[in-house]
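> this one's structure only:
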C-alpha cells in the first residue's frame, strides 16, 4: 500500500490509498462521485469524473491540476512516458505528449457510444465512417481513413440522419440520408456529393443496396427499382405479392418475403419479367444473400440453407447455432471467397466458416450489441457495424 495526500479539492475526505496487485492499482476516497486513477511509475493521475483531473509525481506532496480540453471528461490515463490520453463521454479520444499542456484529438479504430455508426470501404485502404449527430442540431460526423482504418480524420459533411452508405467502386458511392430520406451520389471517391434524385425512378426511396459493383436495388413504398450498370440507369421491377427483399447475382435474382402463411422465395432469370417458385420455405424470417453467380445462402441463427443453382433448389446446411436465443436473428452474411465467410447477428454474435459453410465457429466480438452489417475485404480483413455505435474490425480473420 502507498499513501497519497489527496488533492486540495476543498471537500472533506480521507487520504488517497493506492494499492498494488500486479499491475492493478486502486484507490479509495470519500468523494461524492466516481473516481478513477492511472499510474505510471511513481506518478498518479486522479480523475474526479466529469470535473477535473490531478497529477502527482511525489506521492501526493504536490499536485498539478491538468489542463483539459473543453469536453466532458470521462477519464485521463497514462499511455506512455509523459503521454496522456483523455476519453470523453462520447468515446472521442485526445492525446497530450507534454503532460497535459496541450491536447490534440485523435481518431483510432473506434467503438463509439453514440446512437449509430455506419462504415463503408471503397477499397482495402480507403473508407468512410458516419457517426450520428446530436439529434437534429448537427450534421452526422463523417470520418475517412486512407490506411485501412488505423487512423481516421474528420471530413465535412452536410448530411443529417445517414441511413446507409455503400461504395460500388473506388470512385462511385451512394448515401441514403435525411428526413425525409434522399439519395446522394459521389463520382470522386467521396470528395463531393450531389443529389441522385435524377438517377432514381422515384423520390420515395426507402433504402438502397448493391450486391456487386453493377447490381443494386432500391426499396420503395410500392415497387422496387433495379440497376445492372452500377446505378447509371434504373428500371422499375414488380415482385410477387409479399416479396420485399432481393438478392442479385449475374445469373439470377432471388426475391423473398412472407406470402401470408410462410416465408418463401421466387427466382427470375430475365430481370423480373417472369418469376418461378423455388424450394426455399420457412416458418421464420430468413436472410437471403447472393455469394456468387450460382451460390446463394439463406437462413437465420438456427437454420441455414444453400443453393448452388441460382436459387431454384435449396438444401439444408450447417446452422450457426443449434438452439438460438428466441428473438435473435442473423443480420448479414458475407464471403471472402468460396470457402471463407462470416455471419453476424443479434447479441454480438459472429460466426466464421473456412469450409464453405459445412461448419461454423463462433468468434468473440467483445460486445452484446446487435451486429447488422459486415463488409469483407479479403480472407483476413473485415469490418462490422451494429447498434449503438458498434464498429468492429479484424485483420486476422477474427481469430
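Sure, I can see it. None of these values were measured; they are calculated from a predicted model.

> doesn't residue 225 make contact with residue 233?
No: Residue 233 is not in contact with residue 225 according to C-beta atoms under 8 Å; the separation is 9.9 Å. Placement of C-beta: from N, CA and C, glycine included.

> Mind checking which of these two has more residues around it?
Taking other C-beta atoms under 10 Å, residue 233 and residue 225 do not tie; residue 225 has more neighbours (20 against 12).

> On the three-state scheme, the more buried one is what?
Classification of residue 225 using DSSP: H, G, I helix; E, B strand; the rest coil returns strand.

> Next one: it from residue 258, what distance?
22 Å (C-beta to C-beta, to the nearest Å).

> Same check on residue 43?
Counting by C-beta to C-beta - residue 43 and residue 258 are separated by 62 Å.

> same thing with residue 289?
According to C-beta to C-beta, residue 289 and residue 258 sit 18 Å apart.

> same deal with residue 360?
Counting by C-beta to C-beta - residue 360 and residue 258 are separated by 26 Å.

> what does residue 63 give?
Counting by C-beta to C-beta - residue 63 and residue 258 are separated by 65 Å.

> Which residue of those two possesses the greater neighbour count?
Between residue 63 and residue 258, residue 63 has the larger neighbour count (other C-beta under 10 Å), namely 19 against 14.

> Please verify my assumption that the more buried one contacts residue 53.
No: applying C-beta under 8 Å, one finds residue 63 not in contact with residue 53, separated by 10.2 Å.

> Pull the number of nearby residues for the spatially closest residue to residue 277 that is not a sequence neighbour.
Leaving aside its sequence neighbours, residue 277 sits nearest to residue 266 (C-beta to C-beta, 6 or more residues apart in numbering; 5.9 Å). Residue 266 has 22 neighbours, counted by other C-beta under 10 Å.

> Beta-bridge partners for residue 266, please?
Beta bridges link residue 266 to residue 255, residue 277, judged by DSSP bridges.

> wait, it sits on residue 278?
Yes: Residue 266 is within contact range of residue 278, at 6.3 Å (criterion: C-beta under 8 Å).

> Report the helix or strand with the lowest average pLDDT across the chain.
strand 24-28 (a mean of 40; mean pLDDT, DSSP states H and E).

> and the residue lying closest to residue 341 once chain neighbours are set aside, what does it touch?
Nearest residue to residue 341, sequence neighbours excluded (C-beta to C-beta, 6+ apart): residue 335, at 3.6 Å. For residue 335, the contacting residues are 291, 341, 342, 376, by C-beta atoms under 8 Å, 6 or more residues apart in numbering.

> Can you pick out the most distant pair from those residues?
Distance extremes for these: the farthest pair is 291 and 342 at 11.8 Å, using C-beta to C-beta.

> All the strands of the stretch 1-150 of the chain, residue numbers only.
2-4, 16-21, 24-28, 35-40, 43-48, 52-56, 64-65, 73-80, 83-88, 93-96, 104-106, 117-121, 127-131, 141-145 (DSSP state E, counting those that start in this stretch).

> Can you flag the weakest of these by average pLDDT?
Mean pLDDT is lowest for strand 24-28 among the strands of the stretch 1-150 of the chain, at a mean of 40.

> I'd guess residue 358 is in a strand, am I close?
No: counting by three-state DSSP, residue 358 is not part of a strand but coil.

> State the pLDDT value of it.
Residue 358 is assigned a predicted lDDT (pLDDT) of 87.

> Going forward, count from 581.
Shifting the count to begin at 581 puts that one at residue 938.

> Could I get the contacting residues of it?
897, 898.

> For residue 895, see how far away it is.
With C-beta to C-beta as the criterion, residue 938 and residue 895 are 12 Å apart.

> Please apply the same query to residue 913.
Taken as C-beta to C-beta, the span from residue 913 to residue 895 is 16 Å.

> Give me the more crowded residue out of these two.
Under the criterion of other C-beta under 10 Å, the comparison of residue 913 against residue 895 puts residue 913 first, with 24 against 10.

> Note down every partner strand of the host helix or strand of that one and its orientation.
Using DSSP states H and E, residue 913 sits in strand 910-915. Applying DSSP bridges, strand 910-915 is found paired with strand 921-925 (antiparallel).

> Contacts for the partner strand, please.
Contacts for strand 921-925 (C-beta under 8 Å, 6+ apart): 871, 881, 900, 908-915, 929-933, 936-937, 940, 943, 950-954, 956, 962, 964, 966, 978.

> give me phi/psi at residue 927?
phi 70, psi 20 (degrees, to the nearest 10).

> wait, it sits on residue 910?
No: at 11.1 Å, residue 927 does not count as touching residue 910 under the criterion of C-beta under 8 Å.

> quick one, which of those two is more surrounded?
residue 910 (28 against 16).

> okay but that one is in contact with residue 879, surely?
Yes: between residue 910 and residue 879 there is a contact at 5.9 Å, judged by C-beta under 8 Å.

> Mutual contacts of those two, please.
867, 900.

> Residue 944: neighbouring residues, count only.
9.

> measure it to residue 972 for me?
Distance from residue 944 to residue 972, counting by C-beta to C-beta: 10 Å.
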